[in-house]
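Asks: sequence plus predicted model, see below.
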Amino acid sequence: MRGGALAPAEPLPSTRLLAASLKLARGTVVEAYEQLIAEGFLESQRGAATRVASTLSVAAPTRRVLKPTSAGGRCRLPQSSLPEPAARFAQIAREFSPLPAVPFAISVPVGLTAPADIWRRLGNRIRARGAAAPAGYEDPKGALPLREAIAAYVRKSRSVQCDVAQVIITSGTQQGLYLASQVLLGARDEAWVEDPAYRGLTAILENNGRGSAMIRVPVDEEGLDVAAGMRLAPHAKAAFVTPSHQYPLGMPLSMARRSALLGWARTHNAWVVEDDYDSEFRYEGYPFPALQSSDPDRVIYLGTFSKILFPSLRLGYVIAPGDLADAFCGARVLMDRHPPNADQHVLAAFMAQGHLERHIRRVRNVYAEHRAHLIETLGELLPSEIAWVQPGDQGMHLVLWLARALDDREVATLAARAGVAVRAVSPMFSQGNGRPGLVLGFGGFSRTQMEGAARRLAEVIRNAIRRGAKPRRK
Ligand SMILES: Cc1ncc(COP(=O)(O)O)c(C=O)c1O
């Protein structure tokens with residue numbers, strides 16, 4: 001009646017019929033009708049059907065056009081009816097919807113790259129009894145055995161200087177970045193962010209009202225251009241960087257730039273947030289030690305198990321200097337108190353028993369082979385004036401640059417229709433500086449799957465060129 005589906009004086013079905021069609025007891029429907037009669041919505045006369053009250057005039061509702069979502073089932077309200085922040089967050093949900101588990105989605109652990117058997121056995125045992133069994137609220141910094149295992153691991157593998165009190169477990173680096181933005185930046189503080197950068201970071205700053213305080217600092221072959229950062233925003237409060245493997249381009253931050261960055265941070269009392277997301281996978285030579293090792297009092301180190309184990313684990317860590325550890329802990333408590341307990345203990349045992357290091361060694365060899373194979377295959381399939389690979393010797397993804405005339409978002413959409421999952425690079429740049437390219441993950445899939453996907457992707461790119469885009473390499 002309120003929605004206008006039933007007009008004044010329109011007859012209603014009999015209580016028996018309605019009860020049968022709704023599979024309710026007739027008494028329930030009789031009660032509902034009586035209630036609506038008492039409220040003046042319906043009228044009934046002996047011997048006649050119950051009707052909508054003929055005098056009923058309800059305010060015409062704004063018509064809601066509900067569209068089915070692509071996932072089917074639930075309906076979506078029109079954007080205009082959403083509060084402003086809700087509309088923004090709904091857009092973020094669409095942008096970040098996970099790619100299907102087909103090449104070249106990043107971090108999909110299957111077959112050789114999944115820790116499946118040991119993980120399952122350990123999990124079953126540890127969940128059944130001991131610390132991973134159901135318990136009350138725990139330490140918001142995370143489970144002590146896991147924090148100890150992480151402190152030992154990063155000291156050894158990344159030369160990070162820390163003790164266990166500095167380690168806070170997070171639900172992945174995404175949460176670490178969010179916490180860092182809350183803990184380090186006051187309302188008017190500026191922050192350096194690489195250009196291009198991980199959308200998971202730039203979207204945080206855009207959406208918590210710090211968009212205009214985000215100073216995008218260009219990246220060249222040595223990584224973040226520190227001199228440019230000092231020109232653009234010398235008094236920034238923090239710099240968010242990916243020093244071991246610039247995201248998405250792949251180059252490490254040179255030694256000279258590292259010293260310049262830390263020098264600036266010390267002089268200006270600023271903080272450096274080091275996102276060390278996939279540093280374990282370096283294929284040629286030795287990795288640079290973590291930036292944190294050069295100045296543990298200035299650098300907040302963020303690590304994740306998403307790349308070395310699997311992303312659905314949702315476990316990562318912050319290593320924060322001194323008093324900041326408590327600040328991160330407090331910000332985390334307000335968000336979700338602490339990470340789920342059980343998997344923390346499974347992971348702690350996995351690390352303590354040496355499985356993590358063995359897993360990394362095995363997976364590193366698989367990825368090194370996949371990477372070389374993918375570079376070779378793409379080189380054979382695509383002429384270099386149309387698409388070319390950004391060299392990089394680390395990580396689980398590479399960037400395939402596209403000729404300037406191509407729209408990388410459109411190519412990504414067409415690739416998805418051809419069963420290939422890629423992310424466009426241009427949205428990772430600041431407005432007006434975007435270059436078309438695609439991020440291709442090479443973990444997790446077999447050679448045959450990747451060859452097939454590379455062939456389909458090459459076809460999509462060639463078709464886009466045929467449809468009118470003139471290739472321009474630079
Ligand atoms: C550069 C970078 N930082 C952070 C993350 C987030 O990782 P996590 O799964 O730990 O939240 C990713 C994930 O792809 C990433 O590429």
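Replies: Great, that's in hand. Numbering: from 1, shown residues only.

Asks: roughly how far is the longest helix along the chain from the heart of the chain?
Replies: As assigned by DSSP state H, the longest helix anywhere in the chain is helix 355-381. Distance, stretch centre to chain centre, for helix 355-381: 23 Å (C-alpha atoms, centre = their mean, to the nearest Å).

Asks: which positions within it qualify as buried?
Replies: 355-356, 359-360, 363, 367-368, 370-371, 374-375, 377-378, 381 (16 or more other C-beta atoms under 10 Å). Any C-beta I mention is one placed from the backbone N, CA and C, and that applies to glycine too.

Asks: for A25, give me phi and psi.
Replies: phi -70, psi 140 (degrees, to the nearest 10).

Asks: what's near enough to touch it?
Replies: Counting by C-beta atoms under 8 Å, 6 or more residues apart in numbering, A25 makes contact with A19.

Asks: gap between it and the ligand?
Replies: Distance of A25 to the ligand, given as C-beta to the nearest ligand atom, to the nearest Å: 50 Å.

Asks: tell me the pLDDT at that residue?
Replies: Looking at A25, its pLDDT reads 92.

Asks: state the distance from it to A32.
Replies: Using C-beta to C-beta, to the nearest Å, A25 is found at 11 Å from A32.

Asks: same check on I319?
Replies: For I319 relative to A32 (C-beta to C-beta), the value is 60 Å.

Asks: when those two are compared, which one has more neighbours?
Replies: Per other C-beta atoms under 10 Å, whichever of I319 and A32 has more neighbours is I319, with 30 against 15.

Asks: show me the residues around that one that make contact.
Replies: I319 neighbours (C-beta under 8 Å, 6+ apart): A151, V154, V160, C162, Q166, V167, I168, Q292, I300, Y301, L302, G303.

Asks: who does it bridge with?
Replies: V167, Y301 (DSSP bridges).

Asks: how long is stretch 301-321 from one end to the other?
Replies: 9 Å (C-alpha to C-alpha, to the nearest Å).

Asks: can you give me the buried ones in it?
Replies: Quick answer for stretch 301-321 (16+ other C-beta under 10 Å): 301-311, 313-321.

Asks: and for the helix or strand encompassing V411, what's in contact with it?
Replies: Using DSSP states H and E, V411 sits within helix 408-417. Helix 408-417 is contacted by residues 100, 402, 421-427, 436-438, 456-457, 460-461, 463-464 when judged by C-beta under 8 Å, 6+ apart.

Asks: what is the end-to-end distance of stretch 338-358?
Replies: Terminal-residue distance, stretch 338-358 (C-alpha to C-alpha): 29 Å.

Asks: contacts for that stretch?
Replies: 115, 118-119, 122-123, 126-127, 130-133, 135, 137-143, 145-146, 148-150, 153, 157, 169-171, 305, 308-309, 313-315, 332.

Asks: just the ones of those residues in strands?
Replies: Of the positions in these, I169, T170 sit in strands, assigned by DSSP state E.

Asks: near the ligand, which residues of the stretch 101-250 of the chain? Just list them.
Replies: Within the stretch 101-250 of the chain, the positions adjacent to the ligand are G172, T173, Q174, Y198, G200, T242, Y247 by C-beta under 6 Å from any ligand atom.

Asks: then stretch 99-113 to PDB, C-alphas only?
Replies: Extracted C-alpha coordinates of stretch 99-113, given in PDB (Å, rounded to 0.1, in the frame of the first residue of the first chain):
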ATOM      1  CA  LEU A  99      40.100 -11.200  -9.500                       C
ATOM      2  CA  PRO A 100      39.000 -14.700 -10.300                       C
ATOM      3  CA  ALA A 101      41.600 -17.400  -9.700                       C
ATOM      4  CA  VAL A 102      42.800 -17.500 -13.300                       C
ATOM      5  CA  PRO A 103      46.100 -16.300 -14.800                       C
ATOM      6  CA  PHE A 104      47.400 -13.600 -14.200                       C
ATOM      7  CA  ALA A 105      45.700 -12.900 -10.800                       C
ATOM      8  CA  ILE A 106      48.500 -12.300  -8.200                       C
ATOM      9  CA  SER A 107      49.100 -14.500  -5.100                       C
ATOM     10  CA  VAL A 108      46.900 -17.500  -6.000                       C
ATOM     11  CA  PRO A 109      48.500 -20.500  -4.300                       C
ATOM     12  CA  VAL A 110      47.800 -23.700  -6.100                       C
ATOM     13  CA  GLY A 111      49.600 -26.900  -6.600                       C
ATOM     14  CA  LEU A 112      53.300 -26.500  -6.000                       C
ATOM     15  CA  THR A 113      52.900 -23.000  -4.500                       C
END
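
Asks: now do it: everything it contacts.
Replies: Here stretch 99-113 makes contact (C-beta under 8 Å, 6+ apart) with 98, 115, 306-307, 309-311, 362-363, 366-367, 396-397, 416, 419-423, 438-446, 449-450, 452-454, 457.

Asks: burial measure for K156, as a count.
Replies: There are 10 residues near K156, going by other C-beta under 10 Å.

Asks: what does the one 5 residues further on give?
Replies: The number of residues packed near Q161 is 20, by other C-beta under 10 Å.

Asks: hmm, it is touching P289, no?
Replies: No: contact between Q161 and P289 fails when scored by C-beta atoms under 8 Å: they sit 10.0 Å apart.
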